[in-house]
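Peer 1: Predicted model, plus sequence, below.
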Amino acid sequence: MANNFRYYSPTEVIFGKDAELETGKQLKRLGASHVLLVYGGNSARRLGLLDKARKILEEEDISISELGGIVPNPRLDKVYEGIRIGKEDKVDFLLAIGGGSVIDTAKAIAYGLAEPEYDVWELFRHTRTAKKCLPVASILTIAAAGSETSKGCVITNEKTGEKRAYDDNLARPKFAVMNPEYTKTLPDYQTESGCVDIMMHTMERYFTNGGNMEITDSIAEALLRTVMANAIILHDNPCNYDARCEIMWAGSLAHNDLTGCGNDGGDFMSHKLEHEMGGMFDVTHGAGLAAIWPSWARYVCRDCLPRFVRFARNVMGVTSEGTDIEIAEAGIHAMEQFYHRIGMPVNMRELGIKPSDHQILDMANRCMAACKNRTGSAKKLTLEDAVEIYKNAR
C-alpha cells in the first residue's frame, strides 16, 4: 500500500552543451550581488570553468569571492573557512563548481552564513534545525551525488572522524547547470564510482518494507537499468556524449526524491554504514558503497524477500527458476558481477582497506549513534547486525 507523500523539487535545471553560459543571467535574476565561488582542486581550472565563471559573473557586475581546495569526503574545516570568508566579504549567494563534495560544502557554508550565531556542525549532529540558508546554485562537473537537486549534504568532521548528513529543503539549489561535456575527462574510477552512487540512491529507496507504488517502482527500475547500461558504455568509451547525458540526468533524478514517492522514506543503511568507512578510511564514496552493499544485501534479503526477487527479475535480468531466496541471491550475485565489469569492488579487501575487529566495532557504534531511531526499512538493524555486515564485507 502506498504511503502519503509530498514531492518538492524546485531546482531549475539548465542542461546541455554550453549550458554554463546561462549562469550569470540566472544569478542576476535571483538577486545575487556578491557570490562565493566554491570549487575543488585543479579540475575547475583545467576545464576552464573557473575562468569562464569569473568572466560570466563580471559581465553581470556580480562581485566574487572564492574558496578552493574542496576534497572528496568534504571537511568541516573548509566549511568554517568559507563561513569566515563569506562573513568578511558580505556574500549573499553561493555557486559551487564541481561535484557532490563541492556542492555539499557550499550548502553547509550557506547554512552557517544564514545563522552566524550558531555552530553549523550542530545541524549535522542533529542538535538543532536550520531556520535559514543562503541561496545555492551549481555548475556540475561529475554525475554522482545528486546534490545539485537534492535537499541533502554530507560533511566530515576531520577532528572526530565523523561523517554526517543533514537534509533540509532550505538548501535545495536554486538552479543547476549541467553540461555533460565537462565530465568527459574524469578518470574511469570516478565515473564508475559516481554511477554506483546514483544507483544506490535509487536502491536505498527501493528496498523497503513500508509500502510502495507501482509507478515509482517502474521509474526506479528503469533508472537502474539505464545507469547500468551506460556505465558499461562509459567504461569502454568514456567520451560517449549521449551516455554522459544519460548518467548526468539519472544522477539528479535518483536523489531528488522522485524514486521514493509513496514508500516509507527508504532504507539508507548502506549509506550510513559506508559513511563510517569514509570517515575512518577516507575511501571514495561510490566505491565504498559497492564494497558494502553485497554484504548488506545478503544479510537483509530474507527480511525483504519480495523486493529482492522483483529486483533480480526486473533489474538484474535473472531468468533462472528456483526458490525465492535462490532468485534473490542470483540477483545479488549479478550485481557483484556488474560491479566487477565496471571496475568496482565488492568487498573491503578489493576496496583496499582491512579494518580490525576493534575498528569494525567503532564504525558500528558510530553508525548506530548517527542513526538514532532510523536504522533501516528492509531490516531494522541493531549494533550486532552492523558488526556482522562489516565483518562479512571484509
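Peer 2: Received the coordinates, thanks.

Peer 1: ranges for the helices of the stretch 1-150 of the chain?
Peer 2: For the stretch 1-150 of the chain, the helices defined by DSSP state H, counting those that start in this stretch cover 23-29, 43-46, 49-59, 76-89, 100-114, 121-124.

Peer 1: Can I get those helices in TSV including mean neighbour count and distance to residue 130?
Peer 2: Where you see a C-beta, it was placed from the backbone N, CA and C, and this is true even at glycine. Output for those, formatted as TSV (neighbours: other C-beta atoms under 10 Å; distance: least, C-beta to C-beta, whole Å):
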stretch	mean neighbour count	distance to residue 130
helix 23-29	18	23
helix 43-46	17	27
helix 49-59	16	27
helix 76-89	18	14
helix 100-114	28	5
helix 121-124	20	6
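
Peer 1: Can you name the helix or strand that residue 353 falls in?
Peer 2: Following DSSP states H and E, there is no helix or strand that holds residue 353.

Peer 1: do the same with residue 295
Peer 2: Judged by DSSP H and E, residue 295 forms part of helix 285-300.

Peer 1: for that helix, what is the average pLDDT?
Peer 2: Averaged over helix 285-300, pLDDT sits at 98.

Peer 1: closest one to residue 283 among the helices of the stretch 1-150 of the chain?
Peer 2: Proximity to residue 283 (C-beta to C-beta) singles out helix 100-114 among the helices of the stretch 1-150 of the chain, at 13.3 Å.

Peer 1: Now do the closest one against helix 285-300, angle only.
Peer 2: When axes from the mean of the first three to the mean of the last three C-alpha atoms, to 10 degrees is applied, the directions of helix 100-114 and helix 285-300 differ by 100 degrees.

Peer 1: if we can go back for a sec, any idea which of the helices of the stretch 1-150 of the chain has the lowest pLDDT on average?
Peer 2: Mean pLDDT values for the helices of the stretch 1-150 of the chain show the minimum at helix 43-46, a mean of 81.

Peer 1: Run the chain-centre distance for that helix.
Peer 2: The chain centre lies 21 Å from the centre of helix 43-46; the measure is C-alpha atoms, centre = their mean, to the nearest Å.

Peer 1: What lies in contact with it?
Peer 2: Defining contact as C-beta atoms under 8 Å, 6 or more residues apart in numbering, one finds that helix 43-46 is touched by 50, 51, 68, 97, 98, 141, 185.

Peer 1: Would you write a PyMOL line that selects the buried entries of these?
Peer 2: To isolate the buried subset of those in PyMOL, counting by 16 or more other C-beta atoms under 10 Å, use the following:
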select buried, resi 50+68+97+98+141
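
Peer 1: Which SSE is immediately downstream of the helix holding residue 295?
Peer 2: Following the chain from helix 285-300 toward its C-terminal end, the next helix or strand by DSSP H and E is helix 305-314.

Peer 1: which strands and helices sit next to that next one?
Peer 2: Counting contacts by 3 or more C-beta pairs under 8 Å, 6 or more residues apart in numbering; DSSP states H and E, helix 305-314 packs against helix 188-206, helix 214-236, helix 324-341.

Peer 1: Name the residues of that helix that are buried.
Peer 2: 305, 307, 308, 309, 310, 311, 312, 313, 314.

Peer 1: Check stretch 8-18 too.
Peer 2: 11, 13, 14.

Peer 1: Any regions of the stretch 101-250 of the chain where pLDDT drops low?
Peer 2: Low-confidence segments of the stretch 101-250 of the chain, defined by pLDDT under 70: none present.

Peer 1: Contacts only, for the nearest residue to residue 191 once chain neighbours are set aside.
Peer 2: In space, residue 191 comes closest to residue 234 once its chain neighbours are excluded; the distance is 5.5 Å by C-beta to C-beta, 6 or more residues apart in numbering. Contacts here follow C-beta under 8 Å, 6+ apart; on that basis residue 234 touches 188, 191, 192, 195, 240, 243, 244, 247.

Peer 1: Sort out for me which of the buried residues of stretch 8-18 are in strands.
Peer 2: The members of the buried residues of stretch 8-18 that map onto strands under DSSP state E are 13, 14.

Peer 1: just the buried residues of stretch 8-18 now: which is nearest residue 252?
Peer 2: residue 13 (6.7 Å).

Peer 1: Now for residue 383, how many residues are close by?
Peer 2: Neighbour count for residue 383, taken as other C-beta atoms under 10 Å: 15.

Peer 1: The closest residue to it other than its chain neighbours: what's it in contact with?
Peer 2: Nearest non-adjacent residue to residue 383, counting by C-beta to C-beta, 6+ apart: residue 368, 5.0 Å away. For residue 368, the set of contacting residues under the criterion of C-beta under 8 Å, 6+ apart consists of 375, 382, 383, 386.

Peer 1: Would you point out the most distant pair within the residues you listed?
Peer 2: Pairwise across these, and taking C-beta to C-beta, the largest span is found between 375 and 383, at 9.4 Å.

Peer 1: Tabulate the buried residues of stretch 8-18 (CSV), appending distance to residue 320 and pLDDT.
Peer 2: Written out in CSV, the entries for the buried residues of stretch 8-18 read as follows (distance: C-beta to C-beta, whole Å; pLDDT from 0 to 100):
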residue, distance to residue 320, pLDDT
11, 42, 97
13, 40, 98
14, 45, 98
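
Peer 1: follow-up on the earlier one: check which helix or strand covers the residue nearest to residue 383.
Peer 2: Residue 368 belongs to helix 357-371 when elements are defined using DSSP H and E.

Peer 1: pLDDT on that helix, on average?
Peer 2: Across helix 357-371, pLDDT averages out at 96.

Peer 1: how about it: buried residues?
Peer 2: Buried residues in helix 357-371, counting neighbours by 16+ other C-beta under 10 Å, are found at 359, 360, 361, 363, 364, 366, 367, 368, 370, 371.
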